[in-house]
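[1] Starting from these lines, generate the structure:
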Amino acid sequence: MVKKVFSIDTQPGVQRDGTIFDINFYTDGLWVRFQRGRPRKIGGYRAITQTGTGYSRGIFVNSADGVNQVFNGYSSGLEVINVDNLGIGGGVNQFTFNGIVLTTGTLVGGSSYVNGTYTVVTLTGGTGSGAKATIVVSGNAVTSVTITAGGNGYKVGDTLSATAASIGGSGSGFSCAVATIDSGFTSNALNLWQFDSLLDSQGSGNQLLLAHPGLNLAQIDQTSNTAVLAGSVGGTALQPLRDTSGTTPTGNTISVSGGVVVLHPYVFVYGDNGLIKNSTAGDPNNWNGADANETNVSSTKIVKGLPVRGGSNAPSGLFWALDSLIRVSYAPTTITVASVAQTFYWRYDIISSQSSMLSSPCVIEYDGIYYWIGVDRFLLYNGVVKELSNNFNQNYFFDNLNYAQSQKVWAQKVPRFGEIWWYFPSGDSTECNDAIIYNIRENCWYDAGGALGARRTAGYFSQVFHYPINAGATLSEQAILFSASIATTNASATITIAPNNQVSNGQLVVSTSINSGAIVTVIVPTLASTTATGSSAAFTIVVNSATGILRNQAVTGTGIGVGAVVTVISGTTITLSVANSGAVSGTLSFAGLTLTLSTTATATIIETATFNSQAGQIILWQHEIGTDEVIGTVFSAIESSFQTSDLGWVQGGPSQSSPVGDNYWLHLERVEPDFIQSGEMTFQVTGRAFAQSEDVTSAPYAFSPTTGKIDLREQRREIRLIFTSNVAGGDYQLGKILLHANVGDVRP
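    Predicted coordinates for the structure are as follows:
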């Protein structure tokens, strides 16, 4: 008979700093969070798409009309994935980067034009606007086009022209092709993206996506400027943001080293030497108006900006420099000097000149308070800059952080559970492979324990789309998925294959007659039906009409051999891959698929191709959904565990920590589980005789959601319990576990 029954009363949080014997909090945890002071498993995650491109270096989500646009910036570009409010969708659409016309190429001179040299001619056509040129007409045809104003929004290959009225009044047929542009974007492994959006109320009337691919991934203090890009949030094209409207436009591209933020209705950009610069209200293309401004407020680079509540001085924003925090407020003030009045619209206040910043993506706002990581501590701003106390895992974070990769540290929040997550690369990892978590409601810290779900390079917190979206940190490798016979046509981007349920968009097609890098972009089922005749044992049939019949289509019907596909089409004579099984007479069906590839074929042939997964792709995950890792129809268990503080008599027993304990071993005879639980769980007993001794861990004891008690005979002087869930569909929330314990029979 046991003498005492105790409940576990370990305090919430996982403490990594200090010694295990000195901890009153949980001593270890894997994919576990705390709610109501108790451990519970962190939620599962589901793949939205497996074909994201490269490591994600910035994610932004825009929601409208039930569609959530997930923008994913990577080193070589930007893509958007549209999903509904359940996360269903996943088609990946790449952005194009349009821009300023630099040169033109192929020229068609036309005829009947009036000879002469014409300046400041507005060019028509193409995807952009605003391009002007000097045009020379000789022999009644255009002979040269010299760009004098590049406009914006053009792409290579655009066909441009000009009205006859602008080049003499008569003539037709002139055109020229755009040869080169300045798109404002260059593929670079150091690209780190910042995003925001703004209504262009003074111009296009569109909601604009603003994006800045800064060269900041390796060094937070790098000084190279790159263009801020803009485009309709519903489109797939970006071009450089420029000062092109207002009374005195410069035409300059807006380029900075830091980033971009919107303090509605103003666009702010920032960068080196404390630069903060803003547009006029509602017009992202006007940087010369009265309320536009440019100033340097710090000696060091500005690396991050976020809106802040401004009250009567709205809009307002916070801007983080490498060594200070600056508040910018809209506060129009008119000053008159010598009868000349001048209005100053913005006030710049230094909140702290003794701050620091570990990485530009590590700042996040939670209910009006701003949290970030300095170079050696955690900080917050709630009207003043303060240190955020962390006695749980501050050493664990800074001692294990790979400082060479510190610009990859990024912040996310999970408001449902009151959490702020900081993902970071630990050890020698070059990508984030762990996360530390601050729980505002519970006022405690814990971490992901190096769980697979913490291997994320970028993300966006839940808003209208009520799941966090995170980008995986594992690049795919090229692998053969299947082989199939294909039919190609020289210089054509389409191929045909027999019906195949394995083919999908995004697969890489490899064969001798297709240019390398051919990706499946469009899949169209094809079906033809026609009357045909043919002899038994022959390899040919004669069809009534060959319209709609493609090589490599599967052929079925009376007298057709099993597995027959079309190999040659010559007029109305069709050659098959297998001999007819009998006399052919009647209607046949020709079924197959037509695939559009990203590149063209080099020969007309039927051959075997391999269909491969692409290398260098990532999974975009929808987090906090279900309990498992879900990729397509495959559900995999996510392991979650937690380990209690020391429960031995020398610590005062399982239910309390006492400065004076009994010097006995604790003999554990029964555990009464109390969980909200799905799936089987296990627990293990671990512990040691002395604080610096090696742990001795028991075999697992399994229990189900209906298990009332587990009888055992385990004893340790310093004893801890480890609870684990590692089955598909597994989930748990800890209640109040009872332990039946006695004094052990081993002397200290």
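[2] quick one, helices of this protein?
    Remark: helices assigned in the chain by DSSP state H are 394-400.
[3] Let me see the contact set for Gly586.
    Shown in contact with Gly586 (C-beta atoms under 8 Å, 6 or more residues apart in numbering): Thr531, Ala532, Gly557, Thr558, Gly559. The C-beta positions use only the backbone N, C-alpha and C, and glycine is treated the same way.
[4] Leu388 now?
    Tyr371, Arg377, Phe378, Leu379, Leu380, Tyr438.
[5] can you do 7 Å?
    Tyr371, Phe378, Leu379, Leu380 (C-beta atoms under 7 Å, 6 or more residues apart in numbering).
[6] What backbone torsions are found at it?
    phi -90, psi 110 (degrees, to the nearest 10).
[7] what separates it from Ile369, distance-wise?
    Distance, Leu388 to Ile369, using C-beta to C-beta, to the nearest Å: 10 Å.
[8] Then Pro332?
    From Pro332 to Ile369 the distance is 28 Å (C-beta to C-beta).
[9] quick one: which of these two has more around it?
    Taking neighbours as other C-beta atoms under 10 Å, Pro332 and Ile369 compare with Ile369 leading, 15 against 12.
[10] Can you name the residues bridging to that one?
    Going by DSSP bridges, Ile369 is paired in beta bridges with Tyr366.
[11] so it makes contact with Asn382?
    Yes - counting by C-beta atoms under 7 Å, Ile369 does reach Asn382; the two are 4.7 Å apart.
[12] ok, back up a step: got a winner among the contacts of Gly586 for most neighbours?
    Result: Ala532 is most packed of the contacts of Gly586 (other C-beta under 10 Å), 25 neighbours.
[13] And the pLDDT at that one?
    Reported pLDDT at Ala532 in the predicted model: 96.
[14] my read: it touches Ala583, true?
    No - under the criterion of C-beta under 7 Å, Ala532 is not in contact with Ala583, lying 11.1 Å apart.
[15] so how far is Ser693 from Gly557?
    Distance from Gly557 to Ser693, by C-beta to C-beta: 80 Å.
[16] just Phe683 next, same as before
    From Phe683 to Ser693 the distance is 21 Å (C-beta to C-beta).
[17] Between these two, tell me which one has more neighbours.
    Phe683 (21 against 12).
[18] what sits against that one?
    If you count contacts by C-beta under 7 Å, 6+ apart, then Phe683 has Val671, Tyr701, Leu721, Ile722, Phe723 around it.
[19] Name the nearest residue to it, sequence neighbours excluded.
    Phe723 (4.8 Å; C-beta to C-beta, 6 or more residues apart in numbering).
[20] need the contact list for the one you found.
    Ser641, Phe642, Met681, Phe683.
[21] By neighbours, which of those wins?
    Phe642 (28 neighbours).
[22] can you map out the strands along the stretch 151-300 of the chain?
    Counting by DSSP state E, counting those that start in this stretch, the stretch 151-300 of the chain has strands at residues 159-160, 175-182, 192-199, 207-214, 226-227, 229-232, 237-240, 255-256, 259-263, 266-271, 275-278, 293-296.
[23] As a markdown table, those strands with distance to Ile220 and mean pLDDT would be great.
    As requested, these are arranged in a markdown table below (distance: least, C-beta to C-beta, whole Å; pLDDT from 0 to 100):
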| stretch | distance to Ile220 | mean pLDDT |
| --- | --- | --- |
| strand 159-160 | 42 | 98 |
| strand 175-182 | 27 | 97 |
| strand 192-199 | 9 | 97 |
| strand 207-214 | 10 | 98 |
| strand 226-227 | 15 | 98 |
| strand 229-232 | 21 | 97 |
| strand 237-240 | 24 | 98 |
| strand 255-256 | 14 | 98 |
| strand 259-263 | 11 | 98 |
| strand 266-271 | 12 | 98 |
| strand 275-278 | 15 | 98 |
| strand 293-296 | 18 | 97 |
